[in-house]
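Trainee: sharing a model prediction with you, sequence too.
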Amino acid sequence: NGQPRKSLKIAVIPGDGIGQEVMPEGLKCLRAVAKRYNIKIQLDEHFADWATCPRYLREGSMLPEGWKEQLTSYDAIYFGAVGHPATVPDHISLWGSLIQFRREFDQYISLRPCKLLPGIRCPLADKKVGDIDFWVVRENTEGEYSSVGGKIFEGTEREVVIQETVMTRIGVDRVLKYAYELAQSRPKRHLTSATKSNGISISMPYWDQRVAEMGKKYSDVFVDKFHIDILTAWFVLRPETFDVVVGSNLFGDILSDLGPACTGSIGVAPSGNINPEGRWPSLFEPVHGSAPDIAGKGIANPIGMIWAGQMLLEHFGHKEAAHTMMRAIEAALERGGTGIITPDLGGAGTCEGLGSYIASLIEEI
Ligand code: ATP
Ligand code: MG
C-alpha cells in the first residue's frame, strides 16, 4: 500500500435500522482521529432517505439511477447496514445494494479481522487477549458461487443438478497476490491457504498450484495449506497459529464467519470489500445487519462501525491513526464499565455513550 493517502474522499451511507444509529458514532471517531493526525477526510452522505426504503416502494429499486457515477469518484464507501424487512424483502435490499457495489466496483477481496478484544467473552475458554489476531481473505467474485449449471429430468427420479465452480487465472492470482502482500506486511509473514484438493480434484489442485506459483515471488512469506475440514477444526483448537488465511469464495465465506465467531466478536467485527488497485471505491462496514429488533432504542453497539472506520484508515496506509483507533476501542472495552458498555456485551450503556467515550479516548490515548 506504500505511502498513506493524504486526503480521503468518503461516501457515507448509513442505510437502515441501527445503521442510522451507529454511523454518527463511526463518523465522530473518524473525525477525532483525522483531527489528531491531520488527515483530510471529506465525508459526504449519500442515500439519506434509505432507512424507510421509499425509493424501493416507489421505483422498485434500492439505488437511484446514476448511483454508479455518483459514487465512482470516492476512495471508499463507509456503509452502515442494509435491511428493512418490514418494507423490503432481505434478498432484494441486499442484492439491490451491497451486491451491486461489489460487482460494479469489482471489490474482489473480502477482508475480515479475527482478533480477540478485551472485555469480550471468548467462546474458546483458554484463549487470552493476544492469542488470536489474524485476517481472513476471501475471494469475492468467482469460484463456487457461479450461476453456471442446470437441471435435467427435473421432477423425475432421474433428476440431475449441476453447478460448476469457475476459477480464472486472473481471479485466483489477484486474490493470492493481495493475501501474500498482506502476509508480507505483518511480523509473522505467514500465509495459510484453504484447500480441498483431496476431494475436489480439478479446481482445488489448480488453486494449490497458483498458491505455489505466486509464492515464488514472495519467498519471505512462509506458506502452508490445509484442507478446509481440518482447517475449521484448527480455527477452534489452535487459532494462535494463524496470521493471514486465504480461501476461495465458498471456503472464505465459511472462514470469515467462523474466525470472528471464535473471538466472540461477530457482533462487533468489521468487514472490508476491497478493490485493491483503488480503481473503484472499496467498502467498509460492520459485519452485523440492520437489527430491526433493537433499532430506534439507542442501545446498538457502535464498535463494528468504528472498527470498520479503523480498517478503512489502515487500508489507505494511515497505520498510526489506525493503531490509535484500535487502542481506543480496546481501552474502552477494558475501562468503560457497565455504564458505558452496551447491553449486547452485558452493560447498560448507550450507542451514543460508547461512541463518545471511544472518540474521547482517540483524542488522548
Ligand atoms: P444480516 O441481514 O446482515 O444477515 P441479520 O439480520 O441476520 O443480519 P443482524 O441484523 O446483524 O442479523 O442482527 C442479529 C442479532 O444481533 C439481532 O438480535 C440484533 O439485535 C443483534 N445485533 C446486531 N448488531 C448489533 C449491534 N451492533 N449491537 C447490538 N446487537 C446487535
Ligand atoms: Mg438482516
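Mentor: Structure's in. What do you need? Ligands and ions are numbered 1, 2, ... in the order given.

Trainee: what are the buried residues along stretch 105-123?
Mentor: 105-117, 119-120, 122 (16 or more other C-beta atoms under 10 Å). Glycine gets a C-beta too; all of them are placed from N, C-alpha and C.

Trainee: what residues sit buried inside the longest helix anywhere in the chain?
Mentor: Criterion DSSP state H: the longest helix present in the chain is helix 19-37. Of all the residues in helix 19-37, those buried under the rule 16+ other C-beta under 10 Å are 19-30, 32-34, 36-37.

Trainee: low-confidence ranges in the stretch 1-150 of the chain?
Mentor: Scanning the stretch 1-150 of the chain for pLDDT under 70 picks out the ranges 1-2, 51-54.

Trainee: helices of that one, start to end?
Mentor: Ranges of helices in the stretch 1-150 of the chain, per DSSP state H, counting those that start in this stretch, are 19-37, 54-59, 67-72, 90-95, 98-104.

Trainee: redo those helices as a markdown table? Include distance to Q163.
Mentor: As requested, those are exported to a markdown table (distance: least, C-beta to C-beta, whole Å):
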| stretch | distance to Q163 |
| --- | --- |
| helix 19-37 | 33 |
| helix 54-59 | 29 |
| helix 67-72 | 29 |
| helix 90-95 | 18 |
| helix 98-104 | 18 |
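
Trainee: got a markdown table for these, with distance to ligand 1 too?
Mentor: As requested, the helices of the stretch 1-150 of the chain are exported to a markdown table (distance: least, C-beta to the nearest ligand atom, whole Å):
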| stretch | distance to ligand 1 |
| --- | --- |
| helix 19-37 | 6 |
| helix 54-59 | 16 |
| helix 67-72 | 20 |
| helix 90-95 | 6 |
| helix 98-104 | 9 |
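
Trainee: between those, which one is nearest to D220?
Mentor: Nearest of these to D220, taken as C-beta to C-beta: helix 19-37 at 29.6 Å.

Trainee: do any residues in that closest one lie close to ligand 2?
Mentor: No. Shown here: helix 19-37 not in contact with ligand 2 (C-beta under 5 Å from the ion), separated by at least 10.7 Å.

Trainee: mind giving me the packing neighbours of that helix?
Mentor: When contacts are defined as 3 or more C-beta pairs under 8 Å, 6 or more residues apart in numbering; DSSP states H and E, helix 19-37 packs onto strand 7-15, strand 40-45, strand 76-81, helix 303-315, helix 319-335, helix 351-364.
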